[in-house]
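S.K.: pasted the sequence and its predicted model underneath.
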Amino acid sequence: MFLINDTTLRDGEQAPYVAFNTQEKLEIAQLLYQAGAHELEVGIPAMGKKEQEDLKEILALNLPIQIMSWNRATLKDLDASLKCGLKAVDLSIPVSDILIDVKFNGDKIRLLKQLEETIIQAKKENLFVCIGGEDSSRANLDFLKEVMSLGESLGANRFRYCDTVGILTPHKTYENIKTLVSCDLLDIEMHTHNDFGMGTANAIAGYEAGAKSANTTVIGLGERAGNASFEQVLMTANRLLGNNQNINIKALKALTQKVCLASNRRLDTNLPIIGENIFTHESGIHVNGMMKSKSSYEPFTPKEVGLKRYFPIGKHSGSSTLIYHLKLLGIEAKKEAVDALLPQIRAIVTNRKRVLDASELKELYLCSLDI
């Protein structure tokens, strides 16, 4: 079973120019649970009173899934989470030499001591503890093993492997995670960014290498190029990796629409899983195949994600498309007449940059018969 720990309400909100109000957070949290998220990371208590109040309201929803906060691995941040009533925390530390130099002046001993005292206190409070390894993809694997070994000895539950600047490839991800999993220390959670367009692919590669969970955000929202996409990871785990669970299509549609509205982001029409045009077939060869079998050029059906199938009348349409639309209008078209119309239709669409509607096709077809 692969877990999805969605961080739309934490890392997603860290996207530039994005700020969710309390009601938006509550609605997004509920829809994430309904759509299929197994855990939620919902904010940073150390940000202050308002953030803490929002976190308390999310906890008051009593969703039957784990709710986690993000913290630096400090007693002060941990105390802020405890005051909110949280039972699960991510305790973040830099693990690459680059960021250890920036944040700890290169002092790994001080870093590990700070992590140790924070984990000890968190476990005294019976919290679920995830160690967030910031910049894991640029870290030395032996140092990651040292951090995980320390965490395991102190009772931590999970290690978050963060590709903080999105530099991994799926192959490298698989190799690194397989190495860490073989140590049999802590369960691993993927946290992947999309700077090179591989955030979702790297999260899936982590699953395949043995990671138990992955952070996602709805529509891939997040810093810079964003994070692994919730809807893409959800469907991939479900359809390609055998994570058998029901996906609530109504909730998924409402969720993506809500996050787009709240973040003031446009939903691209060709976005995987949820883009409104991903079941739109214009190519004549493809439409001909779809007429014979709906699985010809679709890996899943529109119904599974709450979308519809379309066959637009465009430049690349073939006779199958024209016959299909004319038949819907009650016209049994002659193939020879339809074939003769194709050059004219292609010229019209090319010149005006817009497909024909069915009524225009009907008019052209009937006119062609009168000639």
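M.R.: Nice, I can see it.
S.K.: for the helix or strand where Met148 lies, the distance to its chain's centre please.
M.R.: Element membership for Met148 (DSSP states H and E) is helix 141-154. In terms of Cα atoms, centre = their mean, to the nearest Å, the gap separating the centre of helix 141-154 from the centre of its chain is 28 Å.
S.K.: what strands flank the helix or strand just after it, and is each parallel or antiparallel?
M.R.: For helix 141-154, the following helix or strand on the C-terminal side (DSSP H and E) is strand 158-163. Here strand 158-163 is paired, per DSSP bridges, with strand 128-134 (parallel), strand 187-192 (parallel).
S.K.: residue ranges of the helices in the stretch 201-350 of the chain, please?
M.R.: Residue ranges of the helices in the stretch 201-350 of the chain, as given by DSSP state H, counting those that start in this stretch, are 230-239, 249-263, 284-292, 319-328, 335-352.
S.K.: deepest in the core, which of the ones you listed is it.
M.R.: Greatest average neighbour count among the helices of the stretch 201-350 of the chain goes to helix 230-239 (a mean of 23), per mean count of other Cβ atoms under 10 Å. Glycine gets a C-beta too; all of them are placed from N, C-alpha and C.
S.K.: skipping its backbone neighbours, what lies nearest the residue nearest the centre of the chain in space?
M.R.: With distances taken as Cα atoms, centre = their mean, the residue of the chain nearest its centroid is Ser229 (1.3 Å). Take Ser229 and drop its neighbours on the chain: the residue closest to it by Cβ to Cβ, 6 or more residues apart in numbering is Gly220, 4.0 Å away.
S.K.: kindly report the same for Ser283.
M.R.: His316 (4.9 Å).
S.K.: re earlier: Throw the helices of the stretch 201-350 of the chain into a markdown table and include distance to Leu40 and mean pLDDT, thanks.
M.R.: Shown next, in a markdown table, are the helices of the stretch 201-350 of the chain (distance: least, Cβ to Cβ, whole Å; pLDDT from 0 to 100):
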| stretch | distance to Leu40 | mean pLDDT |
| --- | --- | --- |
| helix 230-239 | 11 | 96 |
| helix 249-263 | 12 | 96 |
| helix 284-292 | 38 | 93 |
| helix 319-328 | 44 | 94 |
| helix 335-352 | 46 | 93 |
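S.K.: make CSV out of these and add distance to Phe20.
M.R.: Formatted as CSV, those follow (distance: least, Cβ to Cβ, whole Å):
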stretch, distance to Phe20
helix 230-239, 15
helix 249-263, 5
helix 284-292, 40
helix 319-328, 43
helix 335-352, 41
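S.K.: follow-up on the earlier one: quick one: the residue nearest to Ser229 from Ala201, how far?
M.R.: Distance of Gly220 to Ala201, computed by Cβ to Cβ, to the nearest Å: 12 Å.
S.K.: those two: who's more crowded?
M.R.: Remark: of Gly220 and Ala201, Gly220 carries more neighbours, 25 against 19, as counted by other Cβ atoms under 10 Å.
S.K.: what about the strands in the chain?
M.R.: 3-6, 39-41, 66-72, 88-94, 128-134, 158-163, 187-192, 213-216 (DSSP state E).
S.K.: surely Tyr210 and Ile188 touch.
M.R.: Rather than Tyr, residue 210 is Gly. Yes - assessed by Cβ atoms under 8 Å, Gly210 is found in contact with Ile188 at 7.1 Å.
S.K.: what's near enough to touch the residue nearest to Ser283?
M.R.: Contacts here follow Cβ atoms under 8 Å, 6 or more residues apart in numbering; on that basis His316 touches 282-284.
S.K.: wait, which of the residues you listed is closest to Leu342?
M.R.: Gly284 (8.5 Å; Cβ to Cβ).
S.K.: where's that closest one relative to Leu168, distance?
M.R.: 40 Å.
S.K.: could you chop the chain up by domain?
M.R.: The record's domain parsing of the chain by automatic domain parsing lists 3-263, 284-370.
S.K.: could you identify which of those is most buried?
M.R.: domain 3-263 (a mean of 20).
S.K.: would you mind measuring the gap between the ends of that domain?
M.R.: Length of domain 3-263, first residue to last, Cα to Cα, to the nearest Å: 25 Å.
S.K.: so what would you say the end-to-end distance of stretch 75-93 is?
M.R.: Taking Cα to Cα as the criterion, the two ends of stretch 75-93 lie 13 Å apart.
S.K.: tell me the confidence at Gln14?
M.R.: We note a pLDDT of 97 for Gln14 in this prediction.
S.K.: excluding chain neighbours, what is closest to it?
M.R.: Nearest one to Gln14, counting by Cβ to Cβ, 6+ apart, is Glu223 at 5.2 Å.
S.K.: ok, that neighbour touching Glu13?
M.R.: No - between Glu223 and Glu13 there is no contact under Cβ under 8 Å: 10.0 Å.
S.K.: thought Pro312 was touching Tyr324, still the case?
M.R.: No - Tyr324 lies out of contact with Pro312 (Cβ under 8 Å); the separation is 11.1 Å.
S.K.: in contact with Ile274, which residues?
M.R.: 219, 231, 252-253, 256, 267, 305, 307.
S.K.: switch to 10 Å and redo it
M.R.: 218-219, 229-232, 235, 252-253, 255-257, 260, 267-268, 305-307 (Cβ atoms under 10 Å, 6 or more residues apart in numbering).
S.K.: tell me where the chain is predicted with low confidence.
M.R.: 371 (pLDDT under 70).
S.K.: give me that answer again for 50
M.R.: Within the chain, the set of residues satisfying pLDDT under 50 is empty.
S.K.: next, the closest residue to Tyr324 other than its chain neighbours: phi, psi?
M.R.: Counting by Cβ to Cβ, 6+ apart, Phe311 is the residue found nearest to Tyr324 once chain neighbours are left out, at 5.9 Å. Main-chain dihedrals, Phe311, degrees, to the nearest 10: phi -120, psi 80.
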